[in-house]
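K.L.:
give me the fold of what follows.
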Amino acid sequence: MFRAAAFAAPRRGSGFPTEGAVDARRLNLAANAMRSLLTFVMRGRVHVITACAVCSVLSLVLFPFNYLSGALLGLATLRHGAVEGVWVLLGSTVLGGAFTFAAIQSYFPALLLALMSWVPVWVLAIVLRQSRSQGTALAAGALILAIAVVVVRIVLGDPAAWWTGVLEDFFSWFPISADWSLFIDRIAPIMTGIVAAGALLGLAVTLLLARWWHAVLDRPGGFGEEFRALRMPRNSGYAALVLTALAWVADGWVSHLALEWLMILMVIFGLQGISLVHYVVKRRNASVAWLAGLYVALAFVPQPASEVVLGLALVGLTDTWIDYRNRFGVRGNPPAGE
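P.N.:
Predicted structure coming up:
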């Protein structure tokens, strides 16, 4: 007959690691591996340039490598400053161009990546390095994309007509016979804003990844603290209210432009809403399943995703004035400029 003690849970110090200890050990191993890899890449300028160029070529096959290449440039800028970032940007463009020319006999993909992705990431990394505020850096990204929307409207003259042609050609490839004309007529006037919002989201992901890597190397755990305290400048909240009123009462291109700028602001306020969710989960020691469910809903469930995004953006917008972190007991970082 077995004694009950044989089935007792191992006591502390008995030599048998608990499940939590095993999980913590695995996390430490993963963090150490990440730190070792980043340390190797950041050993010198040539290492960073080579890694950026390789990722830029791989992005032609798997687009997420675009974020990795931009994050490496952002990491170099955050750690060593704007001048070093310029050298990495130029070197990566030249080397990436050589790689793409060898592969597809064209420098254009490398030049396009540098202009559309690396230069904005470099600018935002400088803003983040100087301001030490993720909110300020993301607001700067929103301003860049808002200016880009205006430039596109000036260059194209009638962006709705241009997008109508592009969308008609795109949907003509669909094997399903359907009348897309009503959908195209509705979305074409604001399509520039939709693309700009997507571009800002990509820039935000790249910048935050660079800041996370920066923290892994120089201040482990610092990124989580900063992200959970993320707040946008208060002026961006007032801008959202003005744009909402314009989109509601104005007509024609003024209403369309206001809607496009609102889409851009929705991205940064949505990120602020996500940071609040992270804060509440951390503050209340809740299960990470809440965060997993949120990201699964955003990424893989189209139907409620728009409602979730709108809800997160509204929460982030109202947090600009209410400061929900203070209401939960611990005040977060004040908005930039206060």
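
K.L.:
next one: phi and psi at residue 106?
P.N.:
Note on residue 106: backbone dihedrals following degrees, to the nearest 10 are phi -160, psi 130.

K.L.:
list the contacts for the closest residue to it other than its chain neighbours?
P.N.:
Excluding the flanking residues, the one nearest residue 106 by CB to CB, 6 or more residues apart in numbering is residue 100, at 6.2 Å. All C-beta spots, glycine's among them, are computed from the backbone N, C-alpha and C. Listed by CB atoms under 8 Å, 6 or more residues apart in numbering, the contact set of residue 100 reads 56-57, 60, 106-110.

K.L.:
assign residue 100 to helix, strand or coil.
P.N.:
Assigned with DSSP: H, G, I helix; E, B strand; the rest coil, residue 100 falls in the helix class.

K.L.:
tell me which of the contacts of residue 100 fall in helices.
P.N.:
Within the contacts of residue 100, residues falling in helices by DSSP state H are 56-57, 108-110.

K.L.:
using TSV, please lay out those together with distance to residue 270 and pLDDT.
P.N.:
Output for the ones in helices among the contacts of residue 100, formatted as TSV (distance: CB to CB, whole Å; pLDDT from 0 to 100):
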residue	distance to residue 270	pLDDT
56	28	87
57	32	87
108	33	82
109	30	78
110	31	79
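
K.L.:
and the two most separated of those residues?
P.N.:
Using CB to CB, the pair of the ones in helices among the contacts of residue 100 lying farthest apart is 57 and 108, separated by 13.2 Å.

K.L.:
which of the two has more neighbours?
P.N.:
Just comparing residue 57 and residue 108: by other CB atoms under 10 Å the higher neighbour count belongs to residue 57, 22 against 11.

K.L.:
near residue 325, how many residues? Count them for me, please.
P.N.:
For residue 325, the count of nearby residues is 20 (other CB under 10 Å).

K.L.:
now swap in residue 63 and tell me
P.N.:
The burial count for residue 63: 10, using other CB under 10 Å.

K.L.:
can you check residue 69 too?
P.N.:
Residue 69 sits with 26 neighbouring residues when counted by other CB under 10 Å.

K.L.:
can you check residue 261 too?
P.N.:
24.

K.L.:
please apply the same query to the one 10 residues further on.
P.N.:
Summarising burial for residue 271: neighbours were counted as other CB under 10 Å, giving 24.

K.L.:
three-state assignment of it?
P.N.:
Assigned by three-state DSSP, the conformation of residue 271 is helix.
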